[in-house]
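A.B. asks: Predicted model, plus sequence, below.
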Amino acid sequence: MKKLVIYNHGKDSIPWGEKTVQFAEVAKSYGYAFESPDYREHSDPDKRVEQLLAMALSGYDEVVLIGSSMGAYVATAASESIKPKGLFLLAPAFYLSGYRQTEFTPTAEDIRVFHGWQDDIVPPENAFRFCRKYRVRLNLYDTDHRMLSAMPQLVDEFSRFLAGFGG
């Protein structure tokens with residue numbers, strides 16, 4: 001069985017930052033291939049969705065999408081077409097001006113959302129609104145938008161998330 005995790009980085013982030021490397025280690029320990037597309041040439045989130053949808057994914061039996069901030073928007077919007085096994089969303093940039101999509105049909109067997117109480121870029125209320133509407137588990141941490149101080153917990157959560165798919 002060929003399995004893939006795709007990490008979708010945020011607006012001002014890079015494809016292989018601190019978070020990406022840690023999640024890649026977890027994914028590989030569960031037998032997943034790992035990719036992190038470089039979205040830096042597109043500041044428009046919907047262009048990033050198009051870029052993700054253009055990836056050749058037909059050779060994989062199982063796909064899991066991780067997204068951070070704008071990348072969470074990208075993963076969620078693309079999930080409607082990709083139909084991943086899981087969506088793992090960090091500080092999702094939902095309901096912000098300049099983002100075309102405000103209604104989603106998140107399609108995944110399991111969806112988890114993580115947000116920081118101290119996030120001053122994307123209000124935690126936005127994550128709550130999404131989670132309430134789609135009945136998704138919301139996990140809040142005492143951290144900022146980048147969520148780096150919560151990485152040990154997020155790595156543990158991601159490990160349990162993948163283990164839930166039969167590891």
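C.D. replies: Good, I have the coordinates.

A.B. asks: So which residues of this structure form strands?
C.D. replies: Assigned by DSSP state E, the chain shows strands spanning 3-8, 33-35, 62-68, 86-90, 110-116, 137-141.

A.B. asks: can you give me the mean pLDDT across the fifth one?
C.D. replies: Looking at strand 110-116 alone, the average pLDDT works out to 97.

A.B. asks: Leaving out chain neighbours, which residue sits closest to residue 33?
C.D. replies: residue 4 (4.8 Å; C-beta to C-beta, 6 or more residues apart in numbering). Glycine gets a C-beta too; all of them are placed from N, C-alpha and C.

A.B. asks: Please list all residues in contact with the closest residue to residue 22 other than its chain neighbours.
C.D. replies: Spatial nearest neighbour of residue 22, excluding adjacent residues (C-beta to C-beta, 6+ apart): residue 155 at 5.3 Å. Shown in contact with residue 155 (C-beta atoms under 8 Å, 6 or more residues apart in numbering): 22-23, 26.

A.B. asks: From residue 148, how far out is residue 155?
C.D. replies: 11 Å (C-beta to C-beta, to the nearest Å).
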